[in-house]
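Student: Got a predicted structure plus its sequence, pasted below:
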Amino acid sequence: MKQQFNEIKLTSSKGRGFYDLTSEVKAFIEKADIENGLVTLYIKHTSASLLINENYDSDVLIDMETFFSNLIPDGFEDLIHTTEGPDDMPAHIRSALTQTHLSIPIFQGQLQIGQWQGIFMYEHRLNSHHRTIAIHAIGD
């Protein structure tokens, strides 16, 4: 059994939105030299999250952001945690409703995501932030 650990570091340069991590994860699997196993990603932040979604039609990601903006708008009056601004607590709620970690099988050296799927970091804050995602692969 082999294990490999690393981190993906990125800056959410355009602020809120989706950042495709698929190629970084695939490159990590290739270097890890694991034929069959599991890769886990974990984001070390409370105002950004991870998700697997369609990577073919960018309208899907636009619609996702529209949905979350309507669900929990920035500056929502009922929220009291505004230490870092009107997008602070909405970012934490978005993280709670999405995912902080993903586990994806590796089979025959290939990441087992679907043809139209991509792995994304979803930045919930309006401004740019430095983000770190722990990545761990285990298998044979």
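Tutor: Alright, I've got the coordinates. Residues are numbered from 1 along each chain as shown.
Student: As a check, name the ranges of all strands in the chain.
Tutor: According to DSSP state E, the chain carries its strands in the segments 2-11, 17-20, 37-43, 48-54, 101-107, 110-111, 117-123, 130-139.
Student: could I get these as TSV with mean neighbour count, distance to residue 90 and mean pLDDT?
Tutor: For every residue, glycine as well, the C-beta is placed using N, CA and C. TSV is the format used below for the strands of the chain (neighbours: other Cβ atoms under 10 Å; distance: least, Cβ to Cβ, whole Å; pLDDT from 0 to 100):
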stretch	mean neighbour count	distance to residue 90	mean pLDDT
strand 2-11	13	21	98
strand 17-20	18	14	98
strand 37-43	19	17	98
strand 48-54	18	12	97
strand 101-107	15	21	98
strand 110-111	16	31	96
strand 117-123	22	12	98
strand 130-139	18	17	98
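Student: and of those strands, who's closest to residue 86?
Tutor: When these are compared by Cβ to Cβ, strand 117-123 sits nearest residue 86, at 15.8 Å.
Student: so what does that closest one touch, helix or strand wise?
Tutor: strand 17-20, helix 22-32, strand 48-54, strand 130-139 (3 or more Cβ pairs under 8 Å, 6 or more residues apart in numbering; DSSP states H and E).
Student: one more time with 6 Å
Tutor: Counting contacts by 3 or more Cβ pairs under 6 Å, 6 or more residues apart in numbering; DSSP states H and E, strand 117-123 packs against strand 17-20, helix 22-32, strand 48-54.
Student: can you tell which of the strands of the chain is closest to residue 81?
Tutor: That would be strand 48-54 among the strands of the chain, by Cβ to Cβ, at 16.5 Å.
Student: quick one: contacts of that closest one?
Tutor: Under the criterion Cβ atoms under 6 Å, 6 or more residues apart in numbering, residues 41, 43, 60, 95, 98-99, 102, 116-117, 119-120, 122-124, 131 lie in contact with strand 48-54.
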